[in-house]
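**Student:** Structure for the following, please:
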Amino acid sequence: MSLAKYAAALLTALTLTTGLANTTAQAAPISGPQCSGPADVFGFEEDGDLFTYPHNSPLTGAANWGAKRYIGTGWNKDNSLVGPDGAIFTITPSGELRRYQWNGDHWQTYAGSTQYQVVGHGFDRYLRNGGMIATTDADYGLYFVEGDALRKYQWSANEGGWTPATAHGPVIGTGWSGVDKIVGGGSGVIYGRQAGTLTRSVHVQASGTWTQRFQPVGAGWQSLPSITSAGADVLYATDYSGGLYWYRYEPATGKWVSDKGTMIGYGWNTVTTLADPRSCVVWPT
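**Tutor:** Next up, the predicted model:
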């Protein structure tokens with residue numbers, strides 16, 4: 001008997017047994033934060049080495065890791081951003097914005113046998129003392145703080161370039177001059193650190209409006225030099241002693257699952273962590 005015929009026969013038998021001939025069982029709708037697999041955590045070491053280290057439990061914060069793998073050399077942690085699906089953006093000293101694509105096994109090769117695409121020029125405007133205040137979000141948005149302004153570039157994976165409306169990085173908000181770090185925590189979710197206070201803001205691309213701006217969600221974050229997100233308000237942060245901590249914020253309650261974070265690793269004091277911001281999403285999206 002084929003699988004289809006077997007399934008049909010089984011359904012008929014169950015229906016006759018229960019007498020619910022006109023009732024079909026409905027699966028409970030999926031809602032809340034979901035992760036399709038491990039969170040892809042990238043580590044940029046001081047000597048320029050780059051590795052991937054999948055965290056297998058991004059929703060629960062269990063110290064459960066996959067295999068660590070080195071995938072490159074010569075990377076500058078201060079001018080690089082990790083985007084969705086293994087995309088890495090980096091700014092060269094001349095101002096080129098280059099896009100690399102790690103597919104989980106090797107680097108994508110482009111025209112001219114290069115491992116990158118040049119997707120913008122003049123981006124050295126965002127570099128200050130060799131670094132930048134920038135992040136990506138789960139929807140392939142790139143955000144840069146420039147003075148008091150926050151600018152956004154929206155990448156279109158289907159078109160292989162920036163959307164026409166964001167090709168020049170329009171200003172989407174002001175009041176960011178005191179923020180020294182930003183982290184994309186989901187679809188339009190931007191965490192900002194100012195004088196040790198962590199705030200949460202939410203920008204809606206479709207309407208160009210903010211539904212939340214600079215909402216304080218934590219204090220004492222000045223002691224965490226590296227902060228990143230796997231999306232769905234899942235954050236990873238390192239302290240100066242080398243500890244790696246996991247956090248997850250719940251917008252519905254306005255609370256963290258663990259206020260002080262959960263330690264899930266050590267020896268990270270010389271590593272800048274950047275995670276794929278779409279490893280986890282809030283369902284429905």
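
**Student:** Disregarding flanking residues, what is the spatial nearest neighbour of Tyr191?
**Tutor:** Here the nearest residue to Tyr191 in space, its sequence neighbours aside, is Val183; by Cβ to Cβ, 6 or more residues apart in numbering that works out to 4.3 Å. (Each C-beta comes from the backbone N, C-alpha and C, glycine too.)

**Student:** And the strands in the stretch 51-200 of the chain?
**Tutor:** Secondary structure of the stretch 51-200 of the chain (DSSP state E, counting those that start in this stretch): strands located at 69-72, 80-82, 87-91, 97-101, 117-120, 134-136, 141-146, 149-156, 161-162, 171-174, 181-184, 189-194, 197-204.

**Student:** coming back round to it: local confidence estimate at the residue nearest to Tyr191?
**Tutor:** Val183 is assigned a pLDDT of 98 by the prediction.

**Student:** circling back: nearest to Asp233 among the strands of the stretch 51-200 of the chain would be which one?
**Tutor:** Counting by Cβ to Cβ, Asp233 lies closest to strand 189-194 out of those; the figure is 6.7 Å.

**Student:** what comes into contact with that closest one?
**Tutor:** With contacts defined as Cβ atoms under 8 Å, 6 or more residues apart in numbering, strand 189-194 is touched by 135, 137-138, 143, 150, 176, 178-185, 198-203, 214, 217, 221-222, 227, 229, 233, 235.

**Student:** any idea how far the residue nearest to Tyr191 is from Leu224?
**Tutor:** 11 Å (Cβ to Cβ, to the nearest Å).

**Student:** shouldn't Gly184 be in contact with Tyr140?
**Tutor:** No. Applying Cβ atoms under 8 Å as the test, Gly184 and Tyr140 come out as separate, 10.0 Å apart.

**Student:** For the two, indicate the residue with more neighbours.
**Tutor:** For Gly184 versus Tyr140, neighbours defined as other Cβ atoms under 10 Å are more numerous around Gly184 (29 against 20).
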